[in-house]
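A.B. asks: how would this look folded up:
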Amino acid sequence: MADLESLLGRLLREFDRRKTRYALIGGFALGAHGAPRATRDLDFLVHNEDMPGVHEFLTGAGYRRVHHSDNVSQYDMGGPWGAIDFIHAFRPLALEMIARAVSKDSALIGLPLKVVRAEDLIGLKVQSLANNPSRRHKELADIESLLETRKDLDWTRIREFFVLFGLADAYAELEARFKHGR
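C.D. replies: I've put the predicted structure just below:
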């Protein structure tokens, strides 16, 4: 499972078999929305109730869980594409993100892939920024990349995320530059 196609294909087939409620997030989700960024791990938002099945599959496939908390699980097998991170969805907003996820055709593996909407991906980036200010530059760069790439965004939803995490000033600046500044 060292190559990305094999890893992602096997995981998506298992998600389908187990009826796992999930959505791709992180760097690969940015790429799916037209704003590619170099990354070496896969990131998913997974319904908390489905995590035991994900754990069973991954450990059976040779992965080891290197971190686990109420909110996240991280698995690794080594190799260039071995790391997979999961955010456990149990709060209403995270569950809504999974429900709103869009199916995208993946030329890479020939299987449909559920990806969080661009606005929800921005929301996750805003949460990361609020939780860890040292990531400000990286998260804002990803947000700006999405804002530059996508012209069909729901700015009301984006504003709600910034307000929720106490970053209304940052939202106002981005709105002026990307929504009204076009």
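A.B. asks: Now Lys179: closest residue in space, sequence neighbours ignored.
C.D. replies: On the basis of CB to CB, 6 or more residues apart in numbering, the spatially nearest residue to Lys179 that is not a chain neighbour turns out to be Trp155, at 5.6 Å. C-beta coordinates here come from the backbone N, C-alpha and C atoms, glycine included.
A.B. asks: how close does Gln127 sit to Tyr75?
C.D. replies: From Gln127 across to Tyr75, the span is 22 Å (CB to CB, to the nearest Å).
A.B. asks: neighbour-wise, which of the two wins?
C.D. replies: Taking Gln127 and Tyr75 together and counting by other CB atoms under 10 Å, Tyr75 has the greater number of neighbours (23 against 18).
A.B. asks: how close does that one sit to Asp43?
C.D. replies: When Tyr75 is compared with Asp43 (using CB to CB), they lie 11 Å apart.
A.B. asks: shared neighbours of the two, anything?
C.D. replies: When contacts are counted by CB atoms under 8 Å, 6 or more residues apart in numbering, the set common to Tyr75 and Asp43 consists of 84-86.
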